[in-house]
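1. Predicted model and sequence below, questions to follow.
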Amino acid sequence: MVTKGQDTQLSRLIVDVWPNVNFINKPYSYLIESTAKNFEILNVGTVVKIPFHGRTVKGWVAKITPVFEFEKSDSKNDLSTLKKVLSCVSVGPKPTIVKLAEALKDRYFVSPGYFLNLATAKKNVLNKNYYKVLNKLDVDHAHKPELGQTQLSIVSFLNEFVKKIEVAGESNETGTSEIDNVAIIRHPPNSDLFWLISELSELNGSLVVLTPTASLMNQLYATLKLNGIDVAYEGDYEPNLTDHKVYVGNRNSVFTSKPSKIAGMIVIDFHNDLYIDQRAPCFSAVDVAGVRSKLENFILVLCSTSPSPELMFRIESNSPEPKVKKVFSYPTVVENNSWPYIEVFKKFEDKNKGLLSEVIIRQIESVIKKQSRRVIVVFQQKGYINSLACVDCGSIVVCDRCGTALKSKKLGSDAVLFCQFCDSTSLRMCLSCGSFKLKTLRKGFSAILEEFKLVLDSEIKLTDDFDEFVKGNAEVLVNTSSVLNRRYRTKIGLVVFLDFDQFLQRPAISAINDSLGVVVDACNLVGKKSYKPTGKVLIQSGVVDHYIFEYLKTLNYEIYLEHELQRRELFGYPPYVSLAYLSSSGKKVLEDFISSVLDPDVEVLGPTVADEYVIKANINLLRQYLNLDSRNSKIKVKLTL
């Protein structure tokens, strides 16, 4: 209880603040007086201006303590040593977001200020005309879709699961759920998830839906609006007096403070690598959503055609209730009918036609002339690798240790092959047939377009400009896989992967599953087998016996998952170990740190061609070496759990 004498001291408060500065491992205490600008908005999460080492920086309030409690807690506490908060700038993230940022500090080895900066409200750039038209729509009542047997069973489980989560949270003193709140829905391509959003929007609270791209976010917003669902953009800066039932947003919307209570969160196409921030610390929005679901006690539903193997492994093996089914798949009949026709054939390179086989040329001309539909040709212009292939047998030269495509470099007077991922070297020869004749397969857009002009009908217009293709000024678009994430007014008739090995053999742990995700994106563009006219996906590869193509043929996800987990266990990849990629502007600093890692359970690889080191160990050992207190502030960490 506050006494009369103490009441006068409430005009002065002690606030712990997380500065917007890298490599800060603890909040700093400041004094704030009632005369400070905008003092009335002070709360946990409020954005403030503070003096910090001779400069003024932004910070976020993490804790508020009355002066008398501050002095009472420790006799050594001296108010005269504290600096004053200069002003309160704006209302910041909710207190639960501050707690989330603090929880992520030790998970990604970065200051909470990094995440709080992402969570601070900023005006989103939206398509204003599109937005205004949709907001004028007046729908009398919400449209409820009819549910099939599979959908009914999923909804029934999710409702029961929500009750268990609420009970678990109520029984815990902190209100934090002690069970895993994640459920996975593995759906086929071309699936409409409106039914799922419609059902979960009836929960007691708001539903947050994350999408990987702006085009999908706009499409989803329009669908929900047209069906009478109370929906809003999470990034809309205009304040709302009441919560909406559904908020749609992108990766950073996982830090939203909009709804007063989140009842559930849905992540659509969570296999998409756009959910991973490519800048250090490379946080994953899916991972953050999992942490937040436990802190705030709500259900998290992850939807994808190709779920990440590490997440599937953790859900199945670490579930506190093994008898409870937490991964749902559609019936085989439904899945088979939802995929388009996919044709895989051996890659070859001809002197005159390059990568363009007769199959590709014939299919493109047929789709354009007979079906009057357009074509997308996928080719990574910059590429992830310079693929080397054997002249005699045509096999792609890959590392026998980790399966990554090899590069050629000079080692003294000799040419050798080296792996830029695991740093192993080998003789410059084909491991399949023993031939020493190798060739580089990589080409750029200009070369591919020239090859098309030589072999295609002269009336067919080609372009590598996405905008020109959208305007209808060309029938064939040659571009990278980024165009597969776009939405088009009509279904694409054909998607061609000229060199699928660019995806399969790039130096990344998740290369195989990411490759599958790219195929799924293509399938979403061409539509189901039942669509008339029928679309198709053509895949040209030098490794047609790869297990990913076996999955595309049989659609048996369990066998694919088993192969992928076996590969990861063999090479020591997540989920069996965790990896940390270390880089620094100071080469000596990084080398000194690496030399200090002496634990036999920690494997160090590198340096790679990008002067990065890779550390492989269990997550607890990584946290011991890489926390903000142990490592030099110049060392950047990218973590793969």
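-> Noted; the coordinates are in hand.
2. the helices in the stretch 451-600 of the chain, which residues?
-> Remark: helices assigned in the stretch 451-600 of the chain by DSSP state H, counting those that start in this stretch are 466-470, 501-504, 511-526, 547-554, 557-571, 587-595.
3. wait, which of those is closest to residue 31?
-> helix 587-595 (36.3 Å; CB to CB). All C-beta spots, glycine's among them, are computed from the backbone N, C-alpha and C.
4. tell me the mean pLDDT for the next helix or strand after the closest one?
-> Where DSSP states H and E defines the elements, the next helix or strand beyond helix 587-595 is strand 603-605. Strand 603-605 comes out with an average pLDDT of 84.
5. Next, residue 163: phi, psi?
-> Main-chain torsions, residue 163, degrees, to the nearest 10: phi -60, psi -40.
6. Counting neighbours, what do you get for it?
-> Neighbourhood size, residue 163 [other CB atoms under 10 Å]: 10.
7. now stretch 452-463: how far from the chain's centre is it?
-> Offset of stretch 452-463 from its chain centre (CA atoms, centre = their mean, to the nearest Å): 37 Å.
8. Can I get that stretch in CSV, CA atoms only?
-> What follows is stretch 452-463 as a C-alpha-only set of coordinates in CSV (Å, rounded to 0.1, in the frame of the first residue of the first chain):
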residue,chain,number,x,y,z
PHE,A,452,14.6,-19.1,-77.1
LYS,A,453,14.6,-16.7,-80.0
LEU,A,454,16.5,-19.3,-82.1
VAL,A,455,14.2,-22.2,-81.5
LEU,A,456,10.7,-20.7,-80.8
ASP,A,457,8.2,-19.4,-83.3
SER,A,458,9.0,-15.8,-84.1
GLU,A,459,5.5,-14.7,-83.3
ILE,A,460,5.8,-15.7,-79.7
LYS,A,461,6.9,-12.7,-77.6
LEU,A,462,9.4,-13.2,-74.8
THR,A,463,10.5,-11.0,-71.9
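9. Can you point out the buried residues in it?
-> 452, 455-456, 460, 462-463 (16 or more other CB atoms under 10 Å).
10. re earlier: give me whichever of the helices of the stretch 451-600 of the chain is most buried.
-> Counting by mean count of other CB atoms under 10 Å, helix 501-504 has the highest mean neighbour count of the helices of the stretch 451-600 of the chain, with a mean of 25.
11. mind checking which of the helices of the stretch 451-600 of the chain is nearest residue 149?
-> That would be, of the helices of the stretch 451-600 of the chain and by CB to CB, helix 557-571, which comes in at 19.8 Å.
12. Residues touching that closest one, excluding its own?
-> 186, 309-310, 312-313, 329, 401-403, 509, 512-513, 516, 547-548, 550-551, 573-576 (CB atoms under 8 Å, 6 or more residues apart in numbering).
13. sorry, back to before: of the helices of the stretch 451-600 of the chain, which is nearest residue 356?
-> helix 501-504 (15.9 Å).
14. Counting by contacts, list what the closest one packs against.
-> helix 511-526 (3 or more CB pairs under 8 Å, 6 or more residues apart in numbering; DSSP states H and E).
15. Please name the residues that touch the residue nearest to residue 272 when sequence neighbours are not counted.
-> Counting by CB to CB, 6 or more residues apart in numbering, residue 272 lies nearest to residue 212, which is 3.9 Å off, once chain neighbours are set aside. Residue 212 makes contact with 250-251, 268-269, 272, 274-275, 485 under the criterion CB under 8 Å, 6+ apart.
16. circling back to that earlier point, who wins for proximity to residue 280 among the helices of the stretch 451-600 of the chain?
-> helix 587-595 (13.3 Å).
17. Residues contacting the closest one, please?
-> For helix 587-595, using CB under 8 Å, 6+ apart, the contacting residues are 582-584, 604, 611, 613, 631-632, 634-635.
18. Much appreciated, bye for now.
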